[in-house]
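J.: When you get a sec, could you give me coordinates for this:
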Amino acid sequence: MGTYFPDLRGYGGADAFLRACKPRSVLGMFSNKWTGLAMGALLDGPRRFNELRRMLDGITQKMLSQTLRTLERDGLVTRTVYPTIPPRVDYELTDLGRSAIGALRAMGEWAGEHADQVIAARKVYDERAAQPVKAV
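T.: From the prediction side, this is the model:
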């Protein structure tokens, strides 16, 4: 099954390839590109919603709200509302959120190291896919 997702069923554990696997449901939260970017934007401390929106180029207000709500639900971010007019809301990583940063940083480093290769592979694939099918 591989190094990262071992089959632990024989030992009373889970198999990440099974739908009911708890770690699988947690891994799913990192499949959204905005999750890692929002968490990265919170590395230096609390930020307000509009500050995050300006930092995350291309994110819509709706997607940022949804992402932050999910991160809060999963215990990775806290939301603090201050009783001011207008209300001030800060978002901050929790200890659990900070504990995931190493894994996110590793994925970001991999992406940085291999972006050119992935983009080149996409171009080759797209060019090949645009060609008419040839009979064999």
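J.: low pLDDT regions in the chain?
T.: 1-16 (pLDDT under 70).
J.: ranges for the helices of it?
T.: For the chain, the helices defined by DSSP state H cover 22-27, 33-41, 49-55, 61-73, 95-99, 101-130.
J.: could you dump these to a markdown table with mean neighbour count and distance to Val136?
T.: For the C-beta atoms, the positions are set from N, CA and C on the backbone; glycine is no exception. Listed next are the helices of the chain as a markdown table, based on neighbours: other CB atoms under 10 Å; distance: least, CB to CB, whole Å:
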| stretch | mean neighbour count | distance to Val136 |
| --- | --- | --- |
| helix 22-27 | 12 | 39 |
| helix 33-41 | 19 | 38 |
| helix 49-55 | 15 | 51 |
| helix 61-73 | 16 | 45 |
| helix 95-99 | 13 | 53 |
| helix 101-130 | 10 | 15 |
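J.: could these go into CSV alongside distance to Pro86?
T.: Shown next, in CSV, are the helices of the chain (distance: least, CB to CB, whole Å):
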stretch, distance to Pro86
helix 22-27, 35
helix 33-41, 22
helix 49-55, 11
helix 61-73, 16
helix 95-99, 26
helix 101-130, 31
